[in-house]
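J.: Fold the following and give me the result.
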Amino acid sequence: MHLVLFDCDGTLIDSQAIIVESMSAAFAANGLPPPARAAILEIVGLSLPIAIATLAGEKLHAAVADVTQSYKDAFQRLRAEPVDRMPLYPGALEALDALAAEPDLLLGIATGKSRRGLDAVIAKHGLEGRFVTLQTADDAPSKPDPTMIRRALVETGAEASHTLLVGDTTFDMEMARAAGARGLGVAWGYHPAERLVAAGAARVVTGFAEVPGAVDALFGRRATAAAS
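T.: Model (predicted):
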């Protein structure tokens, strides 16, 4: 049995608008200058307190807890508005359904989001029933620590050598490598393809239509896929 784990932000959903807006509001609410957009997107994928601590720096370390709470408040407020700030990337649903239809593949999620946040994404996009394991920041240390993947292996019975993490950041690729799994990078997220490769990505795809074939090729499931 093979296991395919997906990151969420920057891989399944395009959440950069709500993340940047929430982070900027959180810093401003605490009298701090908002970080640059590029700096905010650089830390997407880390667990929230670690991401904010990275942005705040050592001089503002004491403010991390307050900024974290302000971020949660802003994020929930924006998420409740009718504007869709967290759309699925084009082709994501079709790729998930194609993979879920394969009898020897199990799907899961490993994300720096909270379980509450992930549940909201799954409900919003009707993704229920597709994932057999959900690993979040509530369950394990922040990426690139490999605990999320190791927990998923225990829950599913899969082996690390038969596990693939699909993600958009170097944190994802480093986590996969640390767990003994492989990383499939996606070029539409928050870290560029060359950095994903340098961090250990076995392959980088440029659109969701390529994901099922890349999964087949990396698992050696179909000679035709591996040759394409």
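J.: The longest helix seen in the chain - contacts with which helices or strands?
T.: Identified as the longest helix of the chain according to DSSP state H is helix 64-80. On a contact count with 3 or more CB pairs under 8 Å, 6 or more residues apart in numbering; DSSP states H and E, helix 64-80 meets helix 16-29, helix 48-56. C-beta coordinates here come from the backbone N, C-alpha and C atoms, glycine included.
J.: Okay, angle between the shortest one and helix 16-29 too, please.
T.: If you take axes from the mean of the first three to the mean of the last three CA atoms, to 10 degrees, helix 48-56 sits at 70 degrees to helix 16-29.
J.: tell me the mean pLDDT over helix 48-56?
T.: Per-residue pLDDT values across helix 48-56 average out to 91.
J.: Quick check: buried residues in it?
T.: 48, 50-53, 55-56 (16 or more other CB atoms under 10 Å).
J.: Identify the residue spatially nearest to residue 27, adjacent ones excluded.
T.: residue 34 (4.6 Å; CB to CB, 6 or more residues apart in numbering).
J.: Surely that neighbour and residue 28 touch.
T.: Yes - counting by CB atoms under 8 Å, residue 34 does reach residue 28; the two are 5.8 Å apart.
J.: For stretch 23-41, what is the distance to the chain centroid?
T.: From the chain centre to the centre of stretch 23-41 is a distance of 21 Å (CA atoms, centre = their mean, to the nearest Å).
J.: buried residues in it?
T.: Buried residues in stretch 23-41 (16+ other CB under 10 Å): 23-27, 30, 32, 34-35, 40-41.
J.: Can you pick out the most distant pair from those?
T.: 30 and 41 (20.5 Å; CB to CB).
J.: returning to that earlier point: now render the buried residues of stretch 23-41 as JSON lines, adding distance to residue 192.
T.: Output for the buried residues of stretch 23-41, formatted as JSON lines (distance: CB to CB, whole Å):
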{"residue": "23", "distance to residue 192": "21"}
{"residue": "24", "distance to residue 192": "23"}
{"residue": "25", "distance to residue 192": "27"}
{"residue": "26", "distance to residue 192": "26"}
{"residue": "27", "distance to residue 192": "25"}
{"residue": "30", "distance to residue 192": "31"}
{"residue": "32", "distance to residue 192": "28"}
{"residue": "34", "distance to residue 192": "23"}
{"residue": "35", "distance to residue 192": "19"}
{"residue": "40", "distance to residue 192": "16"}
{"residue": "41", "distance to residue 192": "11"}
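J.: nearest to residue 60, of those?
T.: So of the buried residues of stretch 23-41, ranked by how close each gets to residue 60 (CB to CB), first place is residue 32, at 6.5 Å.
J.: Ok, which of the helices and strands packed on helix 64-80 comes nearest residue 92?
T.: helix 16-29 (15.2 Å).
J.: that older thread, tell me which of the buried residues of stretch 23-41 is nearest to residue 68?
T.: residue 26 (7.6 Å).
J.: contacting residues around the closest one?
T.: 52, 67-68, 70-71, 73-74 (CB atoms under 8 Å, 6 or more residues apart in numbering).
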